[in-house]
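Trainee: pasting the structure only:
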């Protein structure tokens, strides 16, 4: 596998197929290396790392408490790692705050929803367009034409995104009144509104029914096909095996295995520690 | 020099003990209900005023004091039952406004039932200062400090050694979990209001011979008690006590060495300084943002 | 305002509809300002109403901070005090025209808010409350204690303003001036609410974590809201001093701060017109309650409790919900 291909050439292999081609790989956009963190003496993560490439879906799996969400929180700047480095687009961003990371094209969703509950669905996505809005504070206060235009553009873009995740008809409902599955998709739409180059999804299909899972599955594949690097935490093994190109397995805060879905699926350690017999069977069916 | 320092120390601890008692009241109610009760100062006012008026009417001082505490407890329970309970589920800031309304209401009532003048109680055991190493210390200061110490110790024993106390602590730690293991959290809540009122009134009785009392002494005391509770770290009884004593000492030393007009300012500047370094106060629970 | 909560059947409608809600609020307020003088039995009522408009201006500013950005301030009257004393001290020590001191006070308040806000706004919830409380008390203390500069606890006289030789005086004149300024203030607050900046505030109000991950610089936007609301407070303070012909440390006191917070909450935290309604209520109630003589405070406290218990979302949103249920 050639990891050093330039981006233009590398993103050719994104023809929207579920299984990415093995021969062409996108440029590395996000690297986390040797990440470690402790909470009150407990080593929650130790020596964990991954690389996310443009146009590829990377899955991070592992049993509950493996440290997956903690890893997300570190990479997105919410927690500070006690060791390790994070690079976005070749630049060190280990110390960068979340909003600066977002400005560099890193966006995420949350396992335990962080929706703006007092806003409507549309406004949630509009808030996601914050970085694209070029309006000044004075313009906003006095409703100058530039501000009005920015507002209108944001509204249109947000509507389009809501349509993309299938929530167009819910646009003006308060987010607090939407069902769980819809909120999951709303968070994805909001994250997409930031126009990310790296999208980190924390259990996007958790709590969703099979139909919704299927929809989210399609959505993720489409997003990756546009050249976005997708990093995914997911418990639904079928989904992981079907759409991801590369899988990292965490167990008790450490790297257990890494490789293609096939490699991971057949790795005896993984089967023993995580998948178990049931999971292995499920994976083999996928 | 030493005498002066000792003087500041004692007067600071005396005032600080009162702040600590008010802060404890804040903490108890906050732990049980997340309500920051700005009517806390009115309990102190009630303690002083009821005692003063009962005493003036010929009731012996201990009995007058007991009566004052009883009145404050009843008011505290009513406050909980009639104002806080019906607004259950309202936002924190709504609940704060309710307690502010209650505080205005109680002040208004006090102004009608009593009057608008300042009142004093005789010191419990003589008003002649005792000279200790050159510092003149009012005997009443010992009453305040001793009384506060008894409350601290009693509260500590109650919380740590009795089943009911443990129920109070459990409710503070996690209301839902406490309810699941069978704690009657609404009883704990009522208990907290009653206890806070009693502690506040007790403080008011102890301090009145030194500082006088009137219908509107509660506002400033509530402010100081709140500040002390925040300095110590909201929710921590130990923090409330230490925050209160520290605030009293700060004010006393600032008034003595810098400027009496700006003693409150010095205290608040220190509080701001502490909060910038420790945003959860001195003993507050440090929270990791969970997402 | 409430168009937000109302589910709309058609997805395409919102932009037009929102605009209408904004203009409706402004038109209703303008209509109220224009028509109520017809019902005033005497000139005295102009002064009271002007007081309502000025107080409402400060409350609207605080609504931006508390209602839109979700940050509590228990020391907001400090900025009112800064604005008020600017009009008193500017002409005296700097030889400035008293009207010029309104923007001067606003600029000073903005600068102070910018400097103080940076560290203070890192605090959350009750800790923020106590820090702002401390700030407000500091301002009130300086105003009360620095007698050589401020005239001390009794306050200080403020010149009567003049425009091109015409003296601004009389309740009626002030009524129209303050009414117009309030209208502008409400217009700006409503603009903000429905703008990219306002959305950033609403977002960090709901979830700071999520706001940060969509690229919102939370500290910066909180600071902006703090500065904006300080400017509102300072302008209101300056007008208050001009209206009364004097400024006093009470303007900046803790009780004043608590009153502003109460106005915003009682009117409805999320609602700009709510702040106006809350201000009207809290300015007018004591005037009405004087008929109760000694019972004034007791009744005021009782009413505040009752309002908050039975209309906990606040007057304007609460009444709107009631109306909707009825229809």
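Mentor: Structure received. Computed from a predicted model, the values in this text were never measured in an experiment. Residues are numbered from 1 along each chain as shown, chains lettered A, B, ... in the order given.
Trainee: can you list the domains in chain A?
Mentor: A:1-14+A:23-105+A:196-286, A:122-195 (automatic domain parsing).
Trainee: Columns distance to residue B:162, mean pLDDT and mean neighbour count on top of those domains, output as JSON lines?
Mentor: Quick note: C-beta positions are derived from backbone N, CA and C, even for glycine. Shown next, in JSON lines, are the domains of chain A (distance: least, CB to CB, whole Å; pLDDT from 0 to 100; neighbours: other CB atoms under 10 Å in any protein chain shown):
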{"stretch": "domain A:1-14+A:23-105+A:196-286", "distance to residue B:162": "29", "mean pLDDT": "85", "mean neighbour count": "19"}
{"stretch": "domain A:122-195", "distance to residue B:162": "42", "mean pLDDT": "94", "mean neighbour count": "20"}
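Trainee: Present those domains as CSV; the columns should include distance to residue C:282.
Mentor: Shown next, in CSV, are the domains of chain A (distance: least, CB to CB, whole Å):
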stretch, distance to residue C:282
domain A:1-14+A:23-105+A:196-286, 38
domain A:122-195, 26
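Trainee: Between those domains, which one is closest to chain B.
Mentor: domain A:1-14+A:23-105+A:196-286 (6.3 Å; CB to the nearest CB).
Trainee: Next one: the closest one, is it in contact with chain B?
Mentor: Yes. Residues of domain A:1-14+A:23-105+A:196-286 contacting chain B under CB under 8 Å from any CB of the partner chain: A:39, A:69, A:73, A:78, A:79.
Trainee: Was I right to think the third one contacts residue A:81?
Mentor: I take that to be residue A:73. No. Between residue A:73 and residue A:81 there is no contact under CB atoms under 8 Å: 9.6 Å.
Trainee: Out of the domains of chain A, the one nearest residue B:66 is which?
Mentor: Among the domains of chain A, the nearest to residue B:66 by CB to CB is domain A:1-14+A:23-105+A:196-286 (46.5 Å).
Trainee: Tell me the residue of the stretch 51-200 of chain B that sits nearest chain A?
Mentor: Taking CB to the nearest CB, the stretch 51-200 of chain B has residue B:91 as its residue nearest chain A, at 11.4 Å.
Trainee: Pull the contacting residues for that residue.
Mentor: Contact partners of residue B:91, counting by CB atoms under 8 Å, 6 or more residues apart in numbering or on different chains, are C:269, C:312.
Trainee: Please report the distance of it from residue B:98.
Mentor: 11 Å (CB to CB, to the nearest Å).
Trainee: do stretch C:204-215 and chain B meet at all?
Mentor: Yes. With CB under 8 Å from any CB as the criterion, chain B is reached by stretch C:204-215 at residue C:209.
Trainee: which residue sits closest to residue C:117, ignoring its sequence neighbours?
Mentor: Of all residues not flanking residue C:117 in the chain, residue C:226 sits nearest, at 4.0 Å (CB to CB, 6 or more residues apart in numbering or on different chains).
Trainee: just to revisit the earlier point, and of the domains of chain A, who's closest to residue C:310?
Mentor: domain A:122-195 (22.5 Å).
Trainee: quick check, the closest one touching chain C?
Mentor: Yes. Residues of domain A:122-195 contacting chain C under CB under 8 Å from any CB: A:122-123, A:126-128, A:130-131, A:133, A:135, A:137, A:139-143, A:147, A:150-152, A:154-155, A:159, A:168-169, A:171-174, A:190-191, A:193-194.
Trainee: Looking at the residues you listed, which are in strands?
Mentor: Among these, DSSP state E puts none in strands.
Trainee: For whichever strand or helix holds residue B:154, name the packing helices and strands.
Mentor: Taking DSSP states H and E as the criterion, residue B:154 maps to helix B:139-161. Helices and strands touching helix B:139-161, as assessed by 3 or more CB pairs under 8 Å, 6 or more residues apart in numbering or on different chains; DSSP states H and E, comprise helix B:2-33, helix B:163-173, helix B:185-211, helix B:237-257.
Trainee: For chain B, give me its nearest residue in chain A.
Mentor: residue A:110 (5.5 Å).
Trainee: so what's the residue nearest to the spatial centre of chain A up against?
Mentor: Most central in chain A under CA atoms, centre = their mean is residue A:200, positioned 1.7 Å from the mean C-alpha point. By CB under 8 Å, 6+ apart, the contact set of residue A:200 is A:72, A:75, A:76, A:106, A:107, A:108, A:109, A:230, A:231, A:232.
Trainee: show me which of the residues of domain A:1-14+A:23-105+A:196-286 next to chain B neighbour chain C.
Mentor: residue A:78.
Trainee: In helices, which of the residues of domain A:1-14+A:23-105+A:196-286 next to chain B appear?
Mentor: Among these, the members falling in helices (DSSP state H) are A:69, A:73.
Trainee: Relative to residue C:248, which of the residues of domain A:1-14+A:23-105+A:196-286 next to chain B is nearest.
Mentor: Of these, the one sitting nearest to residue C:248 (CB to CB) turns out to be residue A:78, at 47.0 Å.
Trainee: I'd guessed the closest one sits against residue C:207; true?
Mentor: No. Between residue A:78 and residue C:207 there is no contact under CB under 8 Å: 11.8 Å.
Trainee: Any idea how many residues pack against the residue of the stretch 51-200 of chain C found nearest chain A?
Mentor: At 3.6 Å from chain A, residue C:195 is the closest residue in the stretch 51-200 of chain C, using CB to the nearest CB. Other residues near residue C:195 come to 25 when the count uses other CB atoms under 10 Å in any protein chain shown.
Trainee: from what I can see residue A:194 touches residue A:125, true?
Mentor: No. Counting by CB under 8 Å, residue A:194 stays clear of residue A:125, with 10.1 Å between them.
Trainee: By mean pLDDT, point me to the weakest helix or strand of chain B.
Mentor: helix B:263-277 (a mean of 85; mean pLDDT, DSSP states H and E).
Trainee: any idea how far it is from the chain center?
Mentor: With CA atoms, centre = their mean, to the nearest Å as the basis, helix B:263-277 stands 19 Å off its chain's centre.
Trainee: Now do residue B:133 against residue B:10, distance only.
Mentor: 11 Å.
Trainee: what secondary structure does residue A:232 sit in?
Mentor: strand (DSSP: H, G, I helix; E, B strand; the rest coil).
Trainee: residue contacts, it?
Mentor: A:57, A:58, A:59, A:60, A:200, A:201, A:204, A:220, A:240, A:243, A:244.
Trainee: let's see it at 7 Å
Mentor: Going by CB atoms under 7 Å, 6 or more residues apart in numbering or on different chains, residue A:232 touches A:57, A:58, A:59, A:60, A:201, A:220, A:244.
Trainee: Over to residue C:156?
Mentor: With CB under 7 Å, 6+ apart, residue C:156 has these contacts: C:88, C:150, C:246, C:247.
Trainee: show me where chain C has helices.
Mentor: With DSSP H as the criterion, chain C has helices spanning C:14-35, C:44-63, C:77-89, C:101-120, C:125-145, C:147-150, C:171-193, C:196-206, C:208-213, C:218-244, C:254-267, C:272-289, C:296-310, C:315-326.
Trainee: what is the orientation angle of the fifth one with helix B:263-277?
Mentor: Put plainly, it is helix C:125-145. 150 degrees (axes from the mean of the first three to the mean of the last three CA atoms, to 10 degrees).
Trainee: what number of residues lie near the residue of the stretch 151-291 of chain B at minimum distance from chain C?
Mentor: Closest residue of the stretch 151-291 of chain B to chain C, CB to the nearest CB: residue B:268 (3.4 Å). Burial measure for residue B:268: 28 neighbouring residues, criterion other CB under 10 Å.
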